[in-house]
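A.B. asks: need a 3D model of the sequence below.
(4 chains)
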2 protein chains.
Amino acid sequence: MQNITDELINKGIKPSFIRVSVLNYLRNTIAHPTIETIYNSLKTLIPTLSKTSVYNTVELLADFGLINVVTIDKNESRYDGDIKFHGHFKCEKCNNLYDFSLLDVNYSDLKNFIINTKDVYFSGICANCVKGGV
Amino acid sequence: MQNITDELINKGIKPSFIRVSVLNYLRNTIAHPTIETIYNSLKTLIPTLSKTSVYNTVELLADFGLINVVTIDKNESRYDGDIKFHGHFKCEKCNNLYDFSLLDVNYSDLKNFIINTKDVYFSGICANCVKGGV
DNA sequence: TGTCTTCTTTGTAATGATTACAAATTTATA
DNA sequence: TATAAATTTGTAATCATTACAAAGAAGACA
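C.D. replies: Below you'll find the predicted structure:
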């Protein structure tokens, strides 16, 4: 938890309880939760929490590069506490999101372009659903 | 135009005027237009056109793999008549969308996964905006 | 041609995630 | 403690997308 607080301070963000809690939550899940899920998960820890605060907080964290926004889902953003470069796979059957390693994205063109974000989104059927699903 | 009609027929889609017009429009632009833009652009050609029909049509075309949906923009989908594999770059300054060549996406993991779509989205500042913008 | 059926198109209303915004609360500062 | 600044909250607005039923067009067949 202290490292989470330090991460915020190092970015010049005041480590309020909500901010620490949201970042800590995202750092410790691989579920790529939605706003709704983050909100519900932290509601017991922070009974006065509002959904607007969750929106505000993830926007702040994303702006400072502490988390990533995953927009693989057209109608609902998901949030990823793992900021190492990797790809996202969305299963069309169970709707789960999986991380996968990306060795390289080999592109040409884009000379003189400044690249700030690289997102790789795959979709299809996950191994679990392929072999019969749950 | 005949090739557009044939493309639809080959997929088993009845080539209505709207469908041919939308597909033809998307095949002949690199602008990655939104629903709004498609609607406005075809309004003169098809005065009775409704926005719902544009939604219906692009969904149909996408379902049959004749166009691609580009969801790089969180709040508005864009449509791409070029179905060859390539990446999309969104300029954070001018909001333009650029295609770029993708030689390879080198991934590990995903064994036994069925991959149906691969989307690569970059964002940053385009060359034009870097050197002073418009 | 007229009728019936089916497919396509349209317009309106609902949905739902996100944003705007001002009030309330908490925290920092003097 | 008083004042200012930042944070959090709740409600209302926004807006792309979807749902859905009615209207219209095309095709089959006698």
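
A.B. asks: I'd say residue A:61 and residue A:23 touch.
C.D. replies: Yes. Under the criterion of CB atoms under 8 Å, residue A:61 makes contact with residue A:23 at 5.9 Å. The way it works is simple: take the backbone N, C-alpha and C, and place the C-beta from them, glycine included.

A.B. asks: tell me how many other residues crowd the residue nearest to residue A:131 when sequence neighbours are not counted.
C.D. replies: What sits nearest to residue A:131 in space, not counting adjacent residues and going by CB to CB, 6 or more residues apart in numbering or on different chains, is residue B:112, at 7.2 Å. Using other CB atoms under 10 Å in any protein chain shown, residue B:112 has 10 other residues around it.

A.B. asks: name the residues contacting each of residue A:61 and residue A:23.
C.D. replies: residue A:67 (CB atoms under 8 Å, 6 or more residues apart in numbering or on different chains).

A.B. asks: re the thing from before, and the residue nearest to residue A:131, what does it touch?
C.D. replies: Residue B:112 touches A:127, A:130, A:131, counting by CB under 8 Å, 6+ apart.

A.B. asks: pick the one among these closest to residue B:44.
C.D. replies: Each of those was checked against residue B:44 using CB to CB; the closest is residue A:130, at 47.7 Å.

A.B. asks: list the contacts of that closest one.
C.D. replies: By CB under 8 Å, 6+ apart, the neighbours of residue A:130 are B:112, B:113, B:114.

A.B. asks: next helix or strand past the helix or strand hosting residue A:6?
C.D. replies: If you go by DSSP states H and E, residue A:6 is part of helix A:2-10. The helix or strand immediately downstream of helix A:2-10 is helix A:17-27, counting by DSSP H and E.

A.B. asks: how far off helix A:2-10 does that next one point, in degrees?
C.D. replies: 120 degrees (axes from the mean of the first three to the mean of the last three CA atoms, to 10 degrees).

A.B. asks: okay, helix A:17-27 in CSV with CA atoms only?
C.D. replies: C-alpha atoms of helix A:17-27 as CSV (Å, rounded to 0.1, in the frame of the first residue of the first chain):
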residue,chain,number,x,y,z
PHE,A,17,-8.0,7.5,0.2
ILE,A,18,-10.0,7.0,-2.9
ARG,A,19,-7.1,7.3,-5.3
VAL,A,20,-4.9,4.9,-3.3
SER,A,21,-7.8,2.5,-3.1
VAL,A,22,-8.6,2.5,-6.8
LEU,A,23,-5.0,2.3,-7.9
ASN,A,24,-4.3,-0.5,-5.4
TYR,A,25,-7.4,-2.4,-6.5
LEU,A,26,-6.4,-2.1,-10.2
ARG,A,27,-2.8,-3.2,-9.4
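
A.B. asks: that one - what's its average pLDDT?
C.D. replies: Confidence for helix A:17-27, expressed as mean pLDDT, is 98.

A.B. asks: nearest to DNA strand D, of the contacts of residue B:112?
C.D. replies: Nearest to DNA strand D among these: residue A:130, at 25.4 Å, using CB to the nearest atom of the strand.

A.B. asks: and the closest one, how close does it get to residue A:90?
C.D. replies: 14 Å (CB to CB, to the nearest Å).

A.B. asks: what sits against whichever residue of chain A sits closest to DNA strand C?
C.D. replies: Ranking the residues of chain A by distance to DNA strand C (CB to the nearest atom of the strand) places residue A:77 first, at 3.4 Å. Contacts for residue A:77 (CB under 8 Å, 6+ apart) come out as A:34, A:35, A:69, A:70, A:71, B:74.

A.B. asks: quick check, pLDDT for it.
C.D. replies: 97.

A.B. asks: do residue A:103 as well
C.D. replies: On the pLDDT scale, residue A:103 gets 87.

A.B. asks: near it, how many other residues are there?
C.D. replies: 10.

A.B. asks: next, the nearest residue to it once chain neighbours are set aside: secondary structure please.
C.D. replies: With CB to CB, 6+ apart as the criterion, residue A:103 has its nearest non-adjacent residue at 4.1 Å, and that residue is residue B:106. Following DSSP: H, G, I helix; E, B strand; the rest coil, the label given to residue B:106 is strand.
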